[in-house]
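Enquirer: Sequence first, then the predicted structure:
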Amino acid sequence: MFQWTFRKQISAVLLLTCAAAPLCGQTPREPAAPTHADILRGGYGPYRANNDLQFYHLDIRVDPEKKFISGKNTIRFKMLQDGTRIQLDLHAALNVDKILLGDTPLKYERDSGAVFVDFPETLHAGRVYSIDFYYSGNPLETGRFGGITFKKDSSGHTWINTACEGTGASLWWPDKDQWRDEVENMQISVAIPNDLVDVSNGKFMGKTDLGDGYTRWDWLVQYPINNYDVSLNIGNYQHFSDKLGNLPLDFYALPEDLDKAKKQFAQAKGMLEAYQHYFGEYPFIKDGYKLIEAPYSGMEHQSAVTYGNHFANGYLERDWTGVGISTRFDFIIIHESAHEWFGNSVTAADVSDMWIHEGWATYLECLFVEYTYGKEDGLKYTNAYKSKVRNQQPIITQRGVNRTPPQDMYFKGALFLNTLRSVVNDDKRWWKLIHDFYQHFKYRNIMTEDVVAYFNQKTGMNLTPVFDEYLRHAALPALELKFDEANGVVSYRWKADETAFAMPVRVGAKDHWQIIQPTAEWKTMKTPLKKDEFQVATDLYYVGVSKQ
Ligand SMILES: [Zn+2]
């Protein structure tokens, strides 16, 4: 996701405002207590944990004039424990028409967005069950991207799109709306007026004229998919296609933008080549890669990335990082597509650990720059993100609560990964490490603990205090330096929230860096350098420095 928008430019460095406005203040603030609804949505309670999703068939009809959705989701799940109740979700604005197990109507109880479904007999552990959840109504347009929007394009044609990561997919369809559990695959059937096109996720399986002025478009997702990635893009779309090796590339744009799209979307190939270079094959090769014009900036919908970046380089026609590099490529194509690897393939199991999506996707932008324009530009691009970091709240937030973490998960997340590369201090090893990390966890839902354990095991280092310092505390670690120039001695120590933080760091003079391993205790070293000559490699390590 990328949800920051530009407001009137105040200065060269402060270009963004964040969606979570209360987080943008100048002083650290405690987040407000989570609501009952946030806990119901974000938690993984007993009626979620007692089952494992296998399959959805979302089969709906969308009436553009009435802004009305009706249909059903067939939900197949395996029970992990015996039980008589499961928890699903559907926004309170939508009606539950009926829920069937075979022909048997099931009782249910609604509590804010949650729907607790009760079974007349015990469901048994290890067995697979399937229910049909019928629903209808006018979904609410809410959130920065609208969640689901019923718009008209500039030619007056229907244009309906979804983007519901924060609000949740249950805004417009019933599902088990959390991050931990994903279906293995999914069918999406969307009936719409005959003159329109629906582009959803997965492989296009065909369309059927229903004979009543509507045509059903069928899509098949052949990989695990998170709920918020499931999408509708209904409009007067024109289609063009290409290939990258065996990978089908499908592009959809409105007729008036087709020529611009053909030019701009060509950047998808270089992006895919860069990410495949670092992490291996595009994760959803059977489903193909799609790029679809949308009325908001962009979203990483799995195998169906949406795009609304004005067919121009940079982000919304601006130099996003302010150092000239971002104007060479289309920020939204590069950022949102990075989520195919981190976000869609490797997925956080709880929104609290969303840096696994956004920190990594932002770091992948930096890797794209390094791959395409060289290491120096990669570093310049990465470090330009320092201007967007606030260091006011930890990146990892409270578990089990439906709340988007602070924006530092993007920029500080990427700067942290660049720091980790310097800690590993061997690029060949680093490339193998991040490649193997991705390969190990692809198609899985993981937490930060899994990331840390993997990095510790593969490097043989104890990186836990480093991960914790950057991800679980608000402030940046600072290297404190005290100079005794007369004797050619400098004292150094870390000022950090993690007492065991002992990250090595390069100091001295550029081109002759010396690696030291400060701890919380003062240590000393000899140096011929004066206080103002003595440098810390802050482009390689995201740290504060204080000299006395
Ligand atoms: Zn993102």
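Expert: In hand now; what should we look at?
Enquirer: I'd say residue 538 and residue 545 touch.
Expert: Yes. With contact taken as C-beta atoms under 8 Å, residue 538 and residue 545 are classed as touching, separated by 6.6 Å. Yep, even glycine has a C-beta here, placed from its N, CA and C like the rest.
Enquirer: And for stretch 486-499, what's in contact with it?
Expert: Residues from elsewhere that reach stretch 486-499 (C-beta atoms under 8 Å, 6 or more residues apart in numbering): 465, 468-469, 473, 475, 477-484, 501-503, 507, 516, 518-529, 534, 546.
Enquirer: try it again with 6 Å
Expert: 465, 468-469, 473, 477-478, 480-483, 501, 518, 520, 522-527 (C-beta atoms under 6 Å, 6 or more residues apart in numbering).
Enquirer: Which members of those occur in helices, if any?
Expert: Helix and strand membership here follows DSSP state H; of the contacts of stretch 486-499, those in helices are 465, 468, 469.
Enquirer: Now cross-check those against the ion and list the overlap.
Expert: Restricting these to those near the ion by C-beta under 5 Å from the ion leaves nothing, as none qualifies.
Enquirer: most surrounded residue in those?
Expert: In terms of neighbours by other C-beta atoms under 10 Å, these top out with residue 469 at 22 neighbours.
Enquirer: check contacts around it.
Expert: 477, 496, 498, 501.
Enquirer: possible to save the residues you listed as JSON lines with neighbour count and pLDDT?
Expert: Shown next, in JSON lines, are these (neighbours: other C-beta atoms under 10 Å; pLDDT from 0 to 100):
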{"residue": "477", "neighbour count": "23", "pLDDT": "98"}
{"residue": "496", "neighbour count": "26", "pLDDT": "98"}
{"residue": "498", "neighbour count": "19", "pLDDT": "98"}
{"residue": "501", "neighbour count": "20", "pLDDT": "98"}
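Enquirer: what's the farthest-apart pair in those?
Expert: 477 and 498 (8.1 Å; C-beta to C-beta).
Enquirer: any idea which of the contacts of residue 469 is closest to the ion?
Expert: When the contacts of residue 469 are compared for distance to the ion (C-beta to the ion), residue 477 wins out at 25.6 Å.
Enquirer: Report the separation between the residue of the stretch 101-250 of the chain found nearest the ion and residue 316.
Expert: Evaluated by C-beta to the ion, the stretch 101-250 of the chain has residue 165 as its residue closest to the ion, separated by 8.9 Å. When C-beta to C-beta, to the nearest Å is applied, the distance between residue 165 and residue 316 equals 19 Å.
Enquirer: neighbour count winner among those two?
Expert: When residue 165 is set against residue 316 and neighbours are counted by other C-beta under 10 Å, the residue ahead is residue 165, at 24 against 16.
Enquirer: helix/strand/coil for the residue lying closest to that one once chain neighbours are set aside?
Expert: Among residues not flanking residue 165 along the chain, residue 228 sits closest, at 4.3 Å (C-beta to C-beta, 6 or more residues apart in numbering). Here residue 228 is helix, with the state taken from DSSP: H, G, I helix; E, B strand; the rest coil.
Enquirer: if I pick residue 228, what's in contact with it?
Expert: For residue 228, the contacting residues are 164, 165, 169, taking C-beta under 6 Å, 6+ apart as the criterion.
Enquirer: ok, so of the residues you listed, who is nearest residue 190?
Expert: Ranking those by separation from residue 190, with C-beta to C-beta as the measure, puts residue 169 on top at 14.5 Å.
Enquirer: Next, please give the residue ranges for the helices of the stretch 1-150 of the chain.
Expert: Secondary structure of the stretch 1-150 of the chain by DSSP state H, counting those that start in this stretch: the helices cover 36-42, 46-49.
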